[in-house]
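*Asks:* using only what follows, build the 3D model:
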Amino acid sequence: MRKVRETEINGRRLTLNELTVAEIYNRLERLGSSLLDVMFDGRLPLDLVCASAGIEENELEVWPPSEIEKLIGEVEKANPHCARLCRNLAAAGEKALAPTATGKDCAGPAGP
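*Replies:* Residues are numbered from 1 along each chain as shown. Here you go, the predicted model:
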């Protein structure tokens with residue numbers, strides 16, 4: 001049975017649902033499609049947050065960032081496995097892009 005969390009954020013009563021593995025996989029294919037994701041880097045992608053909360057991402061455009069931050073936190077509590085997956089993916093990406101011990105990065109040599 002899915003976890004369900006009730007919360008009130010930005011004056012709105014929301015029911016947050018735990019996402020299934022299939023829902024997470026399908027939505028991660030669109031990862032990085034939102035500028036709002038850049039604002040909240042290192043957190044759950046907003047597409048997943050909205051899927052859990054049953055709201056459309058464009059609704060968040062009129063929310064203050066502090067309220068979006070609360071929403072992300074509540075969705076992370078309802079979806080701890082998904083939150084861990086996203087943190088692990090972000091860490092793997094950072095590691096892949098990190099400079100090597102030789103001082104060269106993945107982009108190759110800087111020039112002549």
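*Asks:* contacts and neighbour counts: CA atoms only from here.
*Replies:* OK.
*Asks:* below-threshold pLDDT in this protein: ranges please.
*Replies:* 30-33, 42, 101-112 (pLDDT under 70).
*Asks:* where do the strands sit along it?
*Replies:* If DSSP state E is used as the criterion, the strands of the chain fall at 4-9, 12-17.
*Asks:* out of the ones you listed, flag the one nearest I68.
*Replies:* The minimum distance between I68 and these falls on strand 4-9, with 8.3 Å, by C-alpha to C-alpha.
*Asks:* and the closest one with strand 12-17, angle?
*Replies:* Angle, strand 4-9 to strand 12-17, by axes from the mean of the first three to the mean of the last three C-alpha atoms, to 10 degrees: 150 degrees.
*Asks:* could you dump strand 4-9 to PDB, C-alpha only?
*Replies:* Only the C-alpha atoms of strand 4-9 are listed here, as PDB (Å, rounded to 0.1, in the frame of the first residue of the first chain):
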ATOM      1  CA  VAL A   4      -0.100   9.000   1.900                       C
ATOM      2  CA  ARG A   5       0.700  12.300   3.700                       C
ATOM      3  CA  GLU A   6      -1.700  15.200   4.300                       C
ATOM      4  CA  THR A   7      -0.200  18.600   4.500                       C
ATOM      5  CA  GLU A   8      -1.100  22.300   4.200                       C
ATOM      6  CA  ILE A   9       1.300  24.400   2.100                       C
END
